[in-house]
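A.B. asks: Fold the following and give me the result.
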Amino acid sequence: MRLRETWLLVATFLVAVAGLIYELIAATLSSYLLGDSVRQFSYVIGVFLSSMGLGAWLSRYVDRAMAGFVWAQILLGVAGGFMAPAVFLSFAWMESVSLPLYGLLVTVGLLSGMEIPLIARVLKDIGAPEFRFENVLSVDYIGALVASLAFPLLIIPHLGLMAGSLAFGTLNLGVAGLSLWVFRRDTSRAQVGVWAIALLVTLLALWQAERLVSVTESNLFEDDIILSEATPYQQITVTRYRDRTRLFLDYSIQFDSLDEYRYHESLVHPAMALAPRRKSVLILGGGDGMALREVLRWAEVDKVTLVDLDPRVTALFRDHPDLSQLNSGSLSDPRVEIKNADAWRFVDDSSAVYDVIFVDLPDPKNLALSKLYSRQFYGALVERLSAQGVMVTQAGSPLFAREAFWSINATLQSSRNPQAPGAGLATLPYHAYLPSFGDWGFVLASPQKLASTRLDLPTGLPTDVAAQLKYITPEVWQAAQVFDPQSGPVPVAVNTVQSHALVGYYLDGWARWFE
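C.D. replies: Here you go, the predicted structure:
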């Protein structure tokens, strides 16, 4: 009696861990492959919890509680365990994510919802002398806490989504197997046979998890994959074809070595040339070191602080011989201080003042990123800018996401100007053509007027810097400030942390062109 009661409480803990891990895997998959992490996490949580509720209700129709619990564990081992492989393979071969993802999520939710009611009934059936339903719920919630801590700290860094999904499928099958042994008088041969087959197949898939990842990625990327790694923040993939290297974060391209200089020269040198002082520089994002490489071409730079959330990105582009070659070893320069921190928190906590600030962050495709393009963020950021300083942000495509681009410009114009209370920042929008990305925009901003400041490139640059530029010329810079009728200014709302108007502009713009 005591063995069965103890095992059921242990099983409650284990299935609670597995259930929350499946939910987190589904949410992460949806963020990686469908974008807009806040929206996708919200959808996944809602669908999973409602499915659990339906599963709990349906459990009343299970006649034999122990047999039902074992079947639930076997099916969970298969559906939950193969969730990540199925979604990745579907994405790679059929470009379909939503149907397999939410189909498996509903299945896992239904089965997970049955677990606690069935365990409670088994405890009553065996006459557990000290059975209290609140004890079962307490163990269940403790399991959920353990899963939520383990997922970002252990599972993603050490297993990744593919192996992690299969490992917890094996855990559910392990729970099923031990339940079959502990309650062997109440089990059938059919259950043992199905369980054995499911366990064998899942273990085989777990053993071949790395191969599954390779097969999937070889269909996702055209070029050879030289690095693929999951971190607590994102999926990092680096590909190469001949001398062409490309970086993908969460399967979205970040740079192509064939034309990245067009982006980084456009981002860096206009701001550096306009700033009267360039001794202290802050870069938010840009963990690949490319923008930093351009900044360090200016000999008068004394110190650069680079803030990037993911320590693995900065470590890879500092230490990997092929990747560090792309940024000319900029991340190892003694003038550079690397801070692995959230940009918002760094700006909020810092008291330093910089002559030039570069905002080289991912596109505002979700609320978490949109706040880094908000009036509140720019208001805090300008406090870190010297009175004559200049800052610039990448602002997406003025062609593909026209409203989003001009919303960023309007947001900067409406941001508080500490040098002129009541006025906003002066801005200078411009754009460049990148073969890998298309038409791409930037917005310069300063507490001082920019429109009256003449900028000549490359003659406005020190001779040694100008000689190293491959893209910007005086003609290119002049053309960069001209927008055609399809990409020119439009009436838009300012982006704030209350409205997040930018996310809608961004998603609608890209959907209009590519969906």
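A.B. asks: how many other residues sit next to residue 359?
C.D. replies: Counted with other CB atoms under 10 Å, the neighbours of residue 359 add up to 27. Quick note: C-beta positions are derived from backbone N, CA and C, even for glycine.
A.B. asks: Which residue ranges of the stretch 401-515 of the chain form helices?
C.D. replies: Counting by DSSP state H, counting those that start in this stretch, the stretch 401-515 of the chain has helices at residues 402-414, 463-466, 474-480, 501-514.
A.B. asks: same for the last one, what does it pack against?
C.D. replies: Secondary-structure packing of helix 501-514 (3 or more CB pairs under 8 Å, 6 or more residues apart in numbering; DSSP states H and E): helix 367-370, helix 402-414.
A.B. asks: returning to that earlier point: pick the most buried one from the helices of the stretch 401-515 of the chain.
C.D. replies: Highest mean neighbour count among the helices of the stretch 401-515 of the chain (mean count of other CB atoms under 10 Å): helix 402-414, with a mean of 25.
A.B. asks: Mind listing residues that contact that one?
C.D. replies: Helix 402-414 has contacts (CB atoms under 8 Å, 6 or more residues apart in numbering) with 364, 373-375, 378, 393, 395-398, 424-427, 429, 441, 443, 445, 486-487, 489-490, 492-496, 501-502, 505-506, 508-509.
A.B. asks: Buried residues of the helix or strand containing residue 58, list them for me.
C.D. replies: Counting by DSSP states H and E, the element that carries residue 58 is helix 37-58. Across helix 37-58, burial judged by 16 or more other CB atoms under 10 Å covers 37-41, 43-44, 47-48, 51-52, 55-56.
A.B. asks: ok, so of the residues you listed, who is nearest residue 209?
C.D. replies: For the buried residues of helix 37-58, the closest approach to residue 209 (CB to CB) belongs to residue 44, at 22.4 Å.
A.B. asks: and the closest one, what does it touch?
C.D. replies: 23, 26, 27, 30, 105.
A.B. asks: The closest residue to it other than its chain neighbours: neighbouring residues, count only.
C.D. replies: When the adjacent residues along the chain are set aside, residue 44 lies closest to residue 27, with 4.2 Å between them (CB to CB, 6 or more residues apart in numbering). Neighbours of residue 27 under the rule other CB under 10 Å: 21.
A.B. asks: from memory residue 27 sits against residue 46, does it?
C.D. replies: No: if you go by CB atoms under 8 Å, residue 27 and residue 46 don't touch, sitting 10.8 Å apart.
A.B. asks: Buried only: go through the contacts of helix 402-414 for me.
C.D. replies: Applying 16+ other CB under 10 Å to these flags 364, 373-375, 378, 393, 395-398, 424-427, 429, 441, 443, 445, 487, 492, 494-496, 501-502, 505-506, 509 as buried.
A.B. asks: what about dumping the CA coordinates of the helix or strand hosting residue 197 to CSV?
C.D. replies: If you go by DSSP H and E, residue 197 is part of helix 189-207. Output in CSV follows, covering the C-alpha atoms of helix 189-207 (Å, rounded to 0.1, in the frame of the first residue of the first chain):
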residue,chain,number,x,y,z
ARG,A,189,-0.4,-7.3,-21.8
ALA,A,190,-1.7,-4.9,-24.4
GLN,A,191,-0.5,-2.0,-22.4
VAL,A,192,2.9,-3.5,-21.8
GLY,A,193,3.3,-4.3,-25.5
VAL,A,194,2.3,-0.8,-26.6
TRP,A,195,4.5,0.8,-23.9
ALA,A,196,7.5,-1.3,-24.9
ILE,A,197,7.2,-0.3,-28.6
ALA,A,198,6.7,3.4,-27.7
LEU,A,199,9.7,3.4,-25.4
LEU,A,200,11.9,1.7,-28.0
VAL,A,201,10.9,4.2,-30.7
THR,A,202,11.3,7.2,-28.5
LEU,A,203,14.7,6.1,-27.2
LEU,A,204,15.8,5.4,-30.8
ALA,A,205,14.7,8.9,-31.8
LEU,A,206,16.5,10.4,-28.7
TRP,A,207,19.7,8.6,-29.7
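A.B. asks: who are the neighbours of that helix, in terms of helices and strands?
C.D. replies: Other elements packing on helix 189-207 under the criterion 3+ CB pairs under 8 Å, 6+ apart are helix 65-81, helix 160-182.
A.B. asks: Give me the distance from the shortest one to the chain's centre.
C.D. replies: Put plainly, it is helix 65-81. Relative to its chain's centre, helix 65-81 lies at 31 Å (CA atoms, centre = their mean, to the nearest Å).
A.B. asks: The last one now?
C.D. replies: Once both centres are worked out by CA atoms, centre = their mean, helix 160-182 turns out to sit 27 Å from its chain's centre.
A.B. asks: same thing with stretch 247-255?
C.D. replies: The mean C-alpha position of stretch 247-255 is separated from the chain mean by 10 Å, CA atoms, centre = their mean.
A.B. asks: Stretch 286-296 too?
C.D. replies: 21 Å.
A.B. asks: How much space separates the closest residue to residue 269 other than its chain neighbours from residue 72?
C.D. replies: The spatial neighbour of residue 269 that comes closest, neighbours along the chain excluded (CB to CB, 6+ apart), is residue 472 at 6.0 Å. Residue 472 is 62 Å from residue 72, where distance means CB to CB, to the nearest Å.
A.B. asks: Look at those two and report which has more neighbours.
C.D. replies: Taking other CB under 10 Å, residue 472 and residue 72 do not tie; residue 72 has more neighbours (25 against 22).
A.B. asks: before we move on, back to that, among the helices of the stretch 401-515 of the chain, which is nearest residue 233?
C.D. replies: Nearest to residue 233, of all the helices of the stretch 401-515 of the chain, is helix 501-514, at 19.3 Å by CB to CB.
A.B. asks: quick one: that closest one to helix 402-414, angle?
C.D. replies: Orientation check (axes from the mean of the first three to the mean of the last three CA atoms, to 10 degrees): helix 501-514 against helix 402-414 gives 160 degrees.
A.B. asks: could you dump helix 501-514 to PDB, C-alpha only?
C.D. replies: What follows is helix 501-514, C-alpha atoms only, in PDB (Å, rounded to 0.1, in the frame of the first residue of the first chain):
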ATOM      1  CA  ALA A 501       1.500  50.700 -32.300                       C
ATOM      2  CA  LEU A 502       4.800  49.700 -33.900                       C
ATOM      3  CA  VAL A 503       4.200  45.900 -33.600                       C
ATOM      4  CA  GLY A 504       1.000  46.200 -35.700                       C
ATOM      5  CA  TYR A 505       2.700  48.400 -38.300                       C
ATOM      6  CA  TYR A 506       5.600  46.000 -38.600                       C
ATOM      7  CA  LEU A 507       3.600  42.700 -38.800                       C
ATOM      8  CA  ASP A 508       1.000  44.200 -41.200                       C
ATOM      9  CA  GLY A 509       3.700  45.600 -43.400                       C
ATOM     10  CA  TRP A 510       5.700  42.400 -43.900                       C
ATOM     11  CA  ALA A 511       2.500  40.400 -44.200                       C
ATOM     12  CA  ARG A 512       1.300  42.600 -47.000                       C
ATOM     13  CA  TRP A 513       4.400  41.800 -49.000                       C
ATOM     14  CA  PHE A 514       5.100  38.200 -48.100                       C
END
